[in-house]
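Peer 1: Fold the following for me, if possible:
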Amino acid sequence: MSDFSIGIDFGTTNTVIALAERDKPVRSVKFKHSDILHDVYRSLLCYEKTIQNQRAQVDVTGGPWALDQYLTARGEVRFLQSFKSHIASSLFKETQIFSKRHTLQDIMSDFFQRFMKDSGEQFPLDNTTVIAGRPIVYAGYSPDEDLARERYNTAYQSIGFSDVSYVYEPVGAAYYYASKIEREATILVADFGGGTSDFSIIRFERTGDKLTSTPLGYAGVGIAGDSFDSRLIDHIVSPYLGKGSGYYSLDRQVLDMPSNFYNRFSKWHELGILKSPTTLRELRELKAVAVNPEMIETFIDVVDNDWSMDIYDAISRTKMDLTHNEETTFSVQFSDQKIEQKIARADFESWIAKDLSVIENKVENLLADSNMKVSDIDKVFLTGGTSYVPAVQNLFAKHFGVDKLASGKQLESVAYGLALVGLDPNAATWTVK
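Peer 2: Sure thing, here's the model as predicted:
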């Protein structure tokens, strides 16, 4: 059994790597950006092509440096985010970045290599246990779990981790929380990521320093933070880009604007599809017959000139503001256009109501499938960035009571728990395929 363990929480939006050493506090790998030490590394990549000495050169950056490079680039750039959402998709085989084809494994490997370099940490590879998180239910249509495992393994091997064990992400969060309890407890963990929300019910018992567990049920759903972002995009931004307007058919009938463009625009991981030559050509053809061609021209400008990142940053700020305030102002400037609109928390909550209903039903079904009652749950541990959203907090408070809700280290708890699992003599009982 190793005395050193690494926990990897590779997320759709953020990535955290934690280090656990026996008889020492668990800690996250930190990296310094803009003279500030950070525990969380944004799951971003930027490829920039420049010409050096009459030869093309591609520079790759990750995390906050990727965003810096994207905003200051002088050459041609390709900005990637939410690529984890494709990890179990057999439809995503490769993408072209400038003149080179990249598989998803290539992209993930680039990302982890950048993380390792930016952290400046030296990770011991000998006698080290590596525990990586995985969602209970992968995002996307008809996910291929074997393909996801192959892609994970390839990416981790690229940074020297050749023997990786996998644990459900909410189980990692549960382990972190349970490591602090002093007596037996049944815990429901709700882990809200960027692409998926995962739930687990685990019974923990402690005898001295020994922590044992009995899994009682798992469930997951492909609705999470990115879904909430897409609702904001749909209601605030897309109407300025032509959504809800129309175009003229050959017989001059006004038809509804095709929804597929706006569906893709509202999803981070599909923005690259919009910038393909085929899609841009289709948008220009649509502009020629649009009732409001100036709106489609703005849409083309946003896609073609990569203003989407500015828009998504404004969406993220708006969502964060609404966790603390009843009302905020969404504001974004791109090209010669400006969108400014007051948003009430009540509006946002109405837009995500169907998503919340799906989450609520998933939790209720998990309890029923596990033969559990609400009264059987001692604590509900909420983790992940979306757990800050008041409507999410209220949903669980309504079902379980405010006194049962617990949280802490929402962005780091999964990685911390994974690293601690690696030190457990019974670590194998926590792992999954």
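
Peer 1: drop to CA atoms for contacts and neighbour counts, all remaining ones
Peer 2: Noted.

Peer 1: ok, Ala139 touching Gly194?
Peer 2: No: using Cα atoms under 8 Å, Ala139 makes no contact with Gly194, being 9.9 Å away.

Peer 1: so the closest residue to Ala178 other than its chain neighbours, which of the three states?
Peer 2: Excluding the flanking residues, the one nearest Ala178 by Cα to Cα, 6 or more residues apart in numbering is Phe204, at 7.0 Å. At Phe204, secondary structure determined by DSSP: H, G, I helix; E, B strand; the rest coil is strand.

Peer 1: distance of Phe204 from Ser375?
Peer 2: Distance of Phe204 to Ser375, computed by Cα to Cα, to the nearest Å: 16 Å.

Peer 1: Can you show me the helices along the stretch 1-150 of the chain?
Peer 2: Counting by DSSP state H, counting those that start in this stretch, residue ranges of the helices within the stretch 1-150 of the chain are 63-72, 104-119, 145-157.

Peer 1: Check which residues of the longest one are buried.
Peer 2: This points to helix 104-119. Going by neighbour count (16 or more other Cα atoms under 10 Å), the buried part of helix 104-119 is 104-105, 107-116, 118-119.

Peer 1: Could you do the last one as well?
Peer 2: Taking 16+ other Cα under 10 Å as the basis for neighbour counts, the residues of helix 145-157 that come out buried are Ala148, Arg149, Arg151, Tyr152, Asn153, Thr154, Ala155, Tyr156.

Peer 1: outside of that helix, which residues touch it?
Peer 2: Contacts to helix 145-157, defined as Cα atoms under 8 Å, 6 or more residues apart in numbering, come from residues 87-90, 104-106, 108-109, 112, 138, 162, 164.

Peer 1: which residues touch Pro170?
Peer 2: Taking Cα under 8 Å, 6+ apart as the test, what Pro170 contacts is Pro135, Val189, Ala190, Asp191, Asp198, Phe199, Ser200, Val414.

Peer 1: can you pull the contacts of the residue nearest to Ala178?
Peer 2: Phe204 makes contact with Ala178, Glu184, Ala185, Thr186, Ile187, Leu211, Thr212, Ser213, Thr214 under the criterion Cα under 8 Å, 6+ apart.

Peer 1: go on, Tyr177?
Peer 2: Phe381, Ser413, Gly417 are the contacts of Tyr177 under Cα under 8 Å, 6+ apart.

Peer 1: Can you check the pLDDT for the second one?
Peer 2: When you say that, I think you mean Ser413. For Ser413, the model assigns a pLDDT of 89.

Peer 1: Ranking helices and strands of the protein by mean pLDDT, which lands last?
Peer 2: Here the helix or strand of the chain ranked lowest by mean pLDDT, DSSP states H and E is helix 271-274, holding a mean of 70.

Peer 1: Whichever helix or strand comes after that one packs against which elements?
Peer 2: The first helix or strand that comes after helix 271-274 along the chain, using DSSP states H and E, is helix 277-289. For helix 277-289, the elements it packs on are strand 246-248, helix 293-304, judged by 3 or more Cα pairs under 8 Å, 6 or more residues apart in numbering; DSSP states H and E.

Peer 1: how about the strands in the stretch 251-400 of the chain?
Peer 2: Taking DSSP state E, counting those that start in this stretch, the strands of the stretch 251-400 of the chain run over residues 254-256, 327-334, 337-344, 379-383.

Peer 1: So, low pLDDT: which residues of the chain?
Peer 2: Applying pLDDT under 70 to the chain flags the ranges 1, 122, 125, 268-269, 272.

Peer 1: which residue of it sits farthest from its center?
Peer 2: Of all residues in the chain, Asp251 has its C-alpha farthest from the mean position, at 44.7 Å, by Cα atoms, centre = their mean.

Peer 1: can you tell me how far that one sits from Val289?
Peer 2: For Asp251, the distance to Val289 equals 12 Å [Cα to Cα].

Peer 1: ok, now Ser266?
Peer 2: With distances taken as Cα to Cα, Ser266 is found 23 Å from Val289.

Peer 1: Tell me which of those two has more neighbours.
Peer 2: Neighbour count, other Cα atoms under 10 Å: between Ser266 and Val289, Ser266 has more, with 23 against 16.

Peer 1: Quick check: closest non-adjacent residue to the more buried one.
Peer 2: Nearest non-adjacent residue to Ser266, counting by Cα to Cα, 6+ apart: Ser230, 4.6 Å away.

Peer 1: which phi and psi does the one you found have?
Peer 2: phi -70, psi -30 (degrees, to the nearest 10).

Peer 1: Give me the neighbour count for it.
Peer 2: By the criterion of other Cα under 10 Å, Ser230 has 23 neighbours.

Peer 1: That one contacts Tyr262, doesn't it?
Peer 2: No: at 9.8 Å, Ser230 and Tyr262 do not qualify as touching, with contact defined as Cα under 8 Å.

Peer 1: which residues sit in contact with the residue farthest from the centre of the chain?
Peer 2: Applying Cα under 8 Å, 6+ apart, no residues contact Asp251.

Peer 1: and the gap between Glu349 and Leu356?
Peer 2: 9 Å.

Peer 1: Show me what Lys379 is bridged to.
Peer 2: Going by DSSP bridges, Lys379 is paired in beta bridges with Ile187.

Peer 1: quick one: contacts of the least confident helix or strand of the chain?
Peer 2: By Cα under 8 Å, 6+ apart, helix 271-274 touches Leu80, Phe261, Arg264, Phe265, Thr279, Leu280, Val303.

Peer 1: now swap in stretch 339-354 and tell me
Peer 2: Under Cα under 8 Å, 6+ apart, the answer for stretch 339-354 is 228, 231-232, 236-237, 240, 322, 325-333, 391.

Peer 1: Weed out the non-buried ones from these.
Peer 2: Phe228, Arg231, Leu232, Ile236, Val237, Tyr240, Leu322, Glu327, Thr328, Phe330, Val332, Ala391.

Peer 1: which ones are touching the last one?
Peer 2: Taking Cα under 8 Å, 6+ apart as the criterion, Ala391 is in contact with Glu349.
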